[in-house]
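Trainee: give me a model of this one.
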Amino acid sequence: MTGPPASSDRVTPQPSETSTAPSRAGLVLISLILVAAVANLNLAVANVALPDIGRAFDAGQTALNLVAVGYSLGLAASVLYLGALGDRYGRKLMLILGTSLAIPAALVAALAPSIEVLFVARLFGGLAAGMAFPTTLALITALWSGPGRTKSIALWSGLGGAIAALGPLLSGALLTGFDWGSVFLISLPLALVALYLAVRFVPAHVNEATDPVDNLGGILSVLLVAALVLAINFAPVPNAGAVAAGLGAIATAAAAAFVVRQRRAKAPLYDLAVAGRRIFWVAACAGVIVFGTLMGALFVGQQFLQNVLGYSTLEAGVAIIPAALLMVLVAPRSAKLVDAHGARFTLLVGYVFCLLGFVTMLLLWNGDISYWKVGVGYALIGIGVGFAGTPASHSLTGSVPVRRAGMASGTADLQRDLGGAIMQSILGAVLTAGYASAAGAAIAAAPNGDKITDEVQAELTSLLERGRHRAAVSPVREPDRRGREVVVPTGRRVGLHRRDRRDPARRRAGLLPLPDEGEGGAAARPVPRRGRLGEGGTG
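Mentor: This next block holds a predicted model:
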C-alpha cells in the first residue's frame with residue numbers, strides 16, 4: 001500500500017468529486033454576483049469623470065489621484081480585517097451591512113460640495129465594499145463544493161471582470177447628458193436589488209469560525225495595505241517622491257509588525273502557515289498579474305482612445321465591449337478546463353492570451369488606426385482574464401479551511417487592488433514620459449516655435465505631465481443646477497474642450513491654444529496638435 005503524497009501543494013483534478021450546493025442555488029449565486037457587482041462598478045466609474053471633476057472643483061492632480069484611488073483604498077485596506085469579522089460574526093450580516101452602506105456613500109459622492117467631501121465619500125464607499133465584496137467569495141466557498149464551486153467561482157470572476165470593464169461605458173453614456181455626479185449613482189439600482197436578494201435568499205451562519213478575531217492584527221493590516229496602496233499610486237506622480245517614500249517606510253514597518261503579531265497570536269488574523277504554502281502564494285501572485293493586466297489595459301486604453309484617437313468618453317467605453325463580452329463567454333469554459341486539466345494549465349492559457357493582447361497593443365496601436373485593431377487587443381485581454389481569473393481564485397479558496405474562507409477571499413480582493421495599483425503606477429510613469437516628449441516635439445515643430453519662451457514650454461509640459469484639468473486662465477465660478485459653486489470651463493485650456501470636439505471647424509483646425517501674454521510670457525499662438533494630449537483621460 002502506498003502512502004499519502006509527500007506534498008499537498010499540488011492540486012490534481014478530480015472529475016469524480018461530487019458537488020454540493022445550497023437550496024435555490026441559482027438565486028443565491030445571482031445574489032452574490034450582484035452584491036459583488038456593486039463594488040466592481042464603483043471601482044470603475046470614477047476615472048472617466050475625473051476631467052469633469054477637476055474642472056468643477058478646480059482640483060489639482062494630487063486631489064484627483066486621491067478621488068481615483070479612494071474607493072480601492074478603502075476596499076483594499078479593510079478586506080482582511082472585515083473578512084475575518086465576517087468569518088466570526090456572520091458573513092450574511094457583513095454582506096447586508098456593506099451593501100446597505102454603499103447606498104448613502106454613493107449619494108454623498110454624487111452630491112459632494114467639495115473635492116474633500118468627494119474623497120471621504122469614496123473612501124467610505126470602499127470600506128462598505130470591504131464588508132460585502134470579500135464575503136461574496138467566502139460564501140461561495142462555504143456553500144458550494146466540488147465542480148459546482150469551480151463553476152460558481154468562474155461566473156463570479158468572469159461577470160465581475162465584465163462589469164468592471166463596462167463601468168467606463170456606463171459612465172461615458174451618463175456624462176454626455178449629465179454632470180459628473182451622475183456616475184456615482186450608477187450602482188444605486190443594482191445595490192437595492194442586490195440588497196433585497198441577499199436578505200431573501202442568502203443563507204446565514206454557514207461554516208463560520210468560533211475563534212476570537214485578532215483585532216490588533218486587523219488594525220495593522222489596515223495600516224499596512226493603506227500605506228502600500230498609496231505609496232504605489234503616488235510613486236509616478238511628479239514631485240511626490242518624498243511622500244511615496246514615507247508611505248513606503250510606513251508600509252514596511254507595518255508589515256514587520258504584522259508578521260510578528262501573526263506569529264505570536266493564538267488565533268492569527270492571517271494564517272502565515274497557510275499563506276506560505278506554494279499553492280496559496282503562487283495563486284495570490286497569479287491574481288495580481290491577471291487583474292493587474294485587466295486594470296492596466298483599461299487604464300492605458302482609455303488614455304489612448306480619448307487622448308490620441310479623439311474618442312469621446314462614450315465611444316471609449318463602447319470600445320471595451322469585446323473584453324467584457326469575452327470574459328463572460330470564456331469564464332464557464334475556464335471552469336471546465338480547470339476540472340479537466342488543472343488550475344496550472346488553465347492559468348498558463350490565460351497568460352498567453354493576456355500577453356498576446358499587450359503585444360497587439362504594442363505593435364498595432366498608433367495614432368491613425370481603425371477600430372478593429374483596438375477591438376482585437378481588448379478581445380485578447382478579455383479571453384486571457386476569462387481563462388486566468390477562475391484558477392487564480394479557485395486555488396486560493398481551495399487551499400484554506402472553509403472556516404477561514406474570509407482570509408482567502410480577502411487575499412483574492414487584494415489581488416485586484418494591488419495588481420491594478422502596480423500596473424497603473426508603471427503605465428502612468430510611461431505615459432507621463434510620453435506626454436512630456438510629445439509636448440516638446442509639438443512645440444518644437446510649431447510655426448515660430450523658436451520664439452516660444454522656455455517658461456511657456458516648461459509650463460505646457462508640466463500641465464501635460466501632471467494631467468491637470470484646470471483652466472489656463474483665471475477660473476470663472478458660477479452656481480450649478482444644485483446651487484453648488486463650480487468652476488465654469490473657459491475653453492482656454494491645453495487641448496480641446498468637449499464642446500469644441502463637436503465643432504467641425506475646431507477639429508479641422510487642429511490647434512493647441514497656448515496661454516495669453518501675461519500668463520507665460522508670450523502671446524497666444526497656435527501649435528499643431530499631435531493627438532489630444534491635453535485632455536484628461538482616466539489617469
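Trainee: the stretch 251-400 of the chain: helices as residue ranges?
Mentor: For the stretch 251-400 of the chain, the helices identified by DSSP state H, counting those that start in this stretch occupy 272-275, 278-303, 313-318, 321-341, 343-364, 371-398, in order along the chain.
Trainee: let's have those helices in a markdown table, adding mean neighbour count, mean pLDDT and distance to Arg264.
Mentor: Bear in mind the C-beta positions are built from the backbone N, C-alpha and C, glycine included. Output for those, formatted as a markdown table (neighbours: other C-beta atoms under 10 Å; pLDDT from 0 to 100; distance: least, C-beta to C-beta, whole Å):
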| stretch | mean neighbour count | mean pLDDT | distance to Arg264 |
| --- | --- | --- | --- |
| helix 272-275 | 14 | 80 | 11 |
| helix 278-303 | 22 | 79 | 21 |
| helix 313-318 | 21 | 82 | 49 |
| helix 321-341 | 21 | 86 | 37 |
| helix 343-364 | 18 | 89 | 33 |
| helix 371-398 | 25 | 86 | 25 |
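Trainee: for Leu143, find the nearest of these.
Mentor: Leu143 lies closest, by C-beta to C-beta, to one member of the helices of the stretch 251-400 of the chain: helix 371-398, at 11.6 Å.
Trainee: quick one: the closest one to helix 278-303, angle?
Mentor: For helix 371-398 and helix 278-303, the angle between their directions (axes from the mean of the first three to the mean of the last three C-alpha atoms, to 10 degrees) works out to 150 degrees.
Trainee: who are the packing partners of helix 371-398?
Mentor: helix 115-143, helix 147-175, helix 278-303, helix 321-341, helix 343-364, helix 405-444 (3 or more C-beta pairs under 8 Å, 6 or more residues apart in numbering; DSSP states H and E).
Trainee: so what's the residue count around the residue nearest to Ser31 when sequence neighbours are not counted?
Mentor: In space, Ser31 comes closest to Leu197 once its chain neighbours are excluded; the distance is 3.8 Å by C-beta to C-beta, 6 or more residues apart in numbering. The number of residues packed near Leu197 is 19, by other C-beta atoms under 10 Å.
Trainee: repeat that for the one 4 residues further on.
Mentor: Residues lying near Phe201 (other C-beta under 10 Å) number 18.
Trainee: correct me if wrong: it contacts Leu29.
Mentor: No: checked against C-beta atoms under 8 Å, the pair Phe201 and Leu29 is beyond contact range at 9.4 Å.
Trainee: just the pLDDT for Ala105.
Mentor: We note a pLDDT of 95 for Ala105 in this prediction.
Trainee: neighbours around it, how many?
Mentor: Quick note: Ala105 (other C-beta under 10 Å) scores 25 neighbours.
Trainee: pull the contacting residues for it.
Mentor: 121-122, 124-125, 128 (C-beta atoms under 8 Å, 6 or more residues apart in numbering).
Trainee: can you do 6 Å?
Mentor: When contacts are counted by C-beta atoms under 6 Å, 6 or more residues apart in numbering, Ala105 is found next to 121, 124-125, 128.
Trainee: make TSV out of those residues and add pLDDT.
Mentor: Formatted as TSV, the contacts of Ala105 follow (pLDDT from 0 to 100):
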residue	pLDDT
Ala121	95
Phe124	95
Gly125	94
Ala128	93
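Trainee: show me which of those is closest to Thr99.
Mentor: Lowest distance from Thr99 to the contacts of Ala105 (C-beta to C-beta) belongs to Ala128, with 7.7 Å.
Trainee: rewinding a little: between Phe201 and Leu29, what contacts are shared?
Mentor: Common neighbours of Phe201 and Leu29 (C-beta under 6 Å, 6+ apart) do not exist.
Trainee: Ala77 belongs to a strand?
Mentor: No: note on Ala77: no strand contains this position according to DSSP: H, G, I helix; E, B strand; the rest coil, which reports helix.
Trainee: ok, it touching Leu224?
Mentor: No: here Ala77 lies out of contact with Leu224, judged by C-beta atoms under 6 Å, at a distance of 8.4 Å.
Trainee: comparing the two, which residue is more hemmed in?
Mentor: For Ala77 versus Leu224, the count of surrounding residues by other C-beta under 10 Å is larger for Ala77: 26 against 22.
Trainee: neighbours around the spatially closest residue to that one that is not a sequence neighbour, how many?
Mentor: Among residues not flanking Ala77 along the chain, Ala226 sits closest, at 4.0 Å (C-beta to C-beta, 6+ apart). When neighbours are counted by other C-beta under 10 Å, Ala226 registers 20.
Trainee: now the helix or strand Ala226 falls within: how far from the chain's centre is it?
Mentor: Here Ala226 sits within helix 215-234, counting by DSSP states H and E. Taking C-alpha atoms, centre = their mean, to the nearest Å, one finds the center of helix 215-234 at 17 Å from the center of the full chain.
Trainee: pull up the gap between Pro22 and Ser31, please.
Mentor: Per C-beta to C-beta, to the nearest Å, Pro22 is found 11 Å from Ser31.
Trainee: tell me which of these two has more neighbours.
Mentor: Neighbour count, other C-beta under 10 Å: between Pro22 and Ser31, Ser31 has more, with 25 against 19.
Trainee: tell me which residues of the helix holding Ala226 are tucked away?
Mentor: Buried residues in helix 215-234, counted by 16 or more other C-beta atoms under 10 Å: 217-234.
Trainee: quick one: mean pLDDT over that helix.
Mentor: Per-residue pLDDT values across helix 215-234 average out to 89.
Trainee: quick one: it to helix 115-143, angle?
Mentor: Using the same axes, to 10 degrees, helix 215-234 lies at 120 degrees relative to helix 115-143.
Trainee: what sits up against helix 215-234?
Mentor: The list of residues contacting helix 215-234 from outside it, by C-beta under 6 Å, 6+ apart, reads 69, 73, 76-77, 80-81, 240, 243-244, 247-248, 250-251, 254-255, 257-258, 261-262, 269, 421-422, 425.
Trainee: just the buried ones from the residues you listed?
Mentor: Buried residues within those, defined by neighbour count using 16+ other C-beta under 10 Å: 69, 73, 76-77, 80-81, 240, 244, 247-248, 250-251, 254-255, 257-258, 261-262, 269, 421-422, 425.
Trainee: just the ones of those residues in strands?
Mentor: Counting by DSSP state E, the buried ones among the contacts of helix 215-234 place none of their members in strands.
Trainee: so the residue nearest to Ser31 sits in a helix?
Mentor: Yes: the assignment for Leu197, made by three-state DSSP, places it in a helix.
Trainee: for Ile30, see how far away it is.
Mentor: When distances are taken as C-beta to C-beta, Leu197 and Ile30 turn out to be 7 Å apart.
Trainee: that older thread, and the contacts of Ala105, which two are furthest apart?
Mentor: In terms of C-beta to C-beta, the contacts of Ala105 reach their longest pairwise distance at Ala121 and Ala128, which sit 10.5 Å apart.
Trainee: who has more neighbours, those two?
Mentor: Neighbour tally, Ala121 and Ala128, criterion other C-beta under 10 Å: the higher count belongs to Ala128, 29 against 23.
Trainee: grab the nearest non-local neighbour of that one.
Mentor: Residue nearest to Ala128 in three dimensions, not counting chain neighbours: Leu101, with 3.7 Å by C-beta to C-beta, 6+ apart.
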